[in-house]
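In: Pasting a predicted model and its sequence here:
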Amino acid sequence: MPWFWKYQAWLAGTGAFFIFLILGIPFLVLTGWSPITKLPAGPQAEPQVRLELAGETVAELAMEEYLVGVLAGEMSPLSPEEALKAQAVAARTFARHRQQAGQPLCPTVNSQVWRSPAERLERWGADAAPRYTARLAAAVNATRGEVLVFEEQIVQAQYHASCGGRTEAAAAVWGGDRPYLQSVTCPEAQTPGAPAETRFRPADLDERFGTAIAALAPQVRPGAVQVVEKTATGRAQKVKIGREEIAGTRFRAALGLPSTDLTLAWQGPDLLVETRGRGHAVGMCQAGAKLLAEAGSTYDQILAHYYPGVTIRRDYP
């Protein structure tokens, strides 16, 4: 048997290998393959948002389109441009974090307030709606795909309407600490608003908390309803109601109060509750962001102030 028959398999394999080197690799390179970037990396395609509306209605829309409606629901269209950009990044980050966690998005404060084109038209009128929408869209487009990350993870970008001068740490509100959701100073302290006042009858308290405040003598009631523990920023951490001590957040929710930055006082037969600020006070203060923008801060500086330690990353092109 000729010697080359013994090695015909080896020769065939070697020939195929060299043919691949000569023809195959150039073809793969031309079609976009690279031995260094075999797996997709970096920004991905723009995500779609599944928005759960009233009833069982679901709207499907692109993220950037969705964000225009969020800015319309969360901010005034006349807010400073840099404040609108900061809100766009925070809202995009909030939405992406919920998507990754498998949590739904709705058009209310349970996630982010979103206004449809029809709602914007009704709210702003035919003359202003196109102009205001274009201004919000410009802020969204200027930050397209940008999200906040901490240690390479998209953060929980909480935000609220008004903190009254200092934001609250997430641990004080929800019990879970986040390095980027700490208490920070806010320029809103320079322009404090008047406290909001709400009155409640003892019967109202009994109905909402299952207590018997109405049966108590008037002089005993102040001891039956009082703030017994405060956070480091002075907000109600625990409130005594009847014989029970409950979280300040639960007290706020049950009475529909604007915030937990509150004081209690009995005036005649009624409980007077004074509150400052609006919202949970964690993360970016929208009122403070406007003031920072008016003072010359850029949107990335605003975000760095309210979310210490985060960086901005482009999540999709």
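Out: In hand now; what should we look at?
In: Quick check: beta-bridge partners of residue 162?
Out: residue 278 (DSSP bridges).
In: Distance check, it against residue 226.
Out: Applying C-beta to C-beta, to the nearest Å, the value for residue 162 to residue 226 is 25 Å. To be clear about C-beta, it is placed using only N, CA and C from the backbone, and glycine gets the same treatment.
In: cool, and residue 154?
Out: Computed as C-beta to C-beta, the residue 154 to residue 226 distance reads 40 Å.
In: what do you get for residue 136?
Out: Residue 136 sits 44 Å away from residue 226, going by C-beta to C-beta.
In: And the helix or strand containing residue 98, what's buried?
Out: Per DSSP states H and E, residue 98 falls inside helix 81-100. Residues 82-99 are the ones in helix 81-100 that count as buried (16 or more other C-beta atoms under 10 Å).
In: So which elements touch that helix?
Out: helix 63-74, helix 117-142, strand 146-150, strand 153-154, strand 159-160, strand 284-285, helix 286-294, helix 299-306 (3 or more C-beta pairs under 8 Å, 6 or more residues apart in numbering; DSSP states H and E).
In: Looking at these, which one is packed in the most?
Out: Mean neighbour count (mean count of other C-beta atoms under 10 Å) peaks for strand 284-285 among the helices and strands packed on helix 81-100, with a mean of 30.
In: Let me see the mean pLDDT of that strand.
Out: Here strand 284-285 scores 98 as its mean pLDDT.
In: quick check: domain ranges of the protein?
Out: Domains of the chain are assigned by automatic domain parsing as 48-189+281-314, 194-275.
In: Low-confidence stretches in the stretch 101-250 of the chain?
Out: The stretch 101-250 of the chain contains residues with pLDDT under 70 at 190-194.
In: hmm, 90 instead?
Out: 164, 175-176, 188-196 (pLDDT under 90).
In: Let me see the contact set for residue 231.
Out: Shown in contact with residue 231 (C-beta atoms under 8 Å, 6 or more residues apart in numbering): 168-169, 172, 237, 248, 260.
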